[in-house]
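>>> what shape does this take:
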Amino acid sequence: MPRKSTTVAREKSRGNVFADLGMPHPEQELVKACLTLQIYRSIKSRHLTPAQAGEILGLKQPQVSLLMRNRSGNLSVERLMDFLTAFGHDV
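Next up is the predicted model:
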């Protein structure tokens, strides 16, 4: 049986997926996503376990695991920047 082709409507992004999705405070969410990505890269490049990263960041292992899956939740931009500072980044 032949497959039916489906046409999906597309629109060009405005450069911020959070704004495209109509989320509140899209600029802040984009900054948090970028900071979280840098934290993830720092943890991975140092080959740290979530428990080891938690010791450095002052978080419990489950919170680090959520952060590693880009679930920054209610963490502020300032707190995320503090995490990068703890890894030796100049923020």
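>>> give me the buried positions along the longest helix along the chain.
In the chain, taking DSSP state H as the definition, the longest helix is helix 26-45. Residues Pro26, Glu29, Leu30, Lys32, Leu35, Thr36, Gln38, Ile39, Ser42, Ile43 are the ones in helix 26-45 that count as buried (16 or more other C-beta atoms under 10 Å). For the C-beta atoms, the positions are set from N, CA and C on the backbone; glycine is no exception.
>>> quick one: the helices in this structure?
Using DSSP H, the helices found in the chain span residues 17-20, 26-45, 50-57, 61-68, 77-86.
>>> export these to TSV and tack on mean pLDDT and distance to Glu11?
Shown next, in TSV, are the helices of the chain (pLDDT from 0 to 100; distance: least, C-beta to C-beta, whole Å):
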stretch	mean pLDDT	distance to Glu11
helix 17-20	91	8
helix 26-45	94	16
helix 50-57	94	38
helix 61-68	92	31
helix 77-86	96	28
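>>> from the rest of the structure, what touches the longest helix of the chain?
By C-beta atoms under 8 Å, 6 or more residues apart in numbering, the residues outside helix 26-45 that reach it are 16-19, 23, 50, 53, 64, 67-68, 70, 72, 75, 77, 80-81, 83-84, 87, 89.
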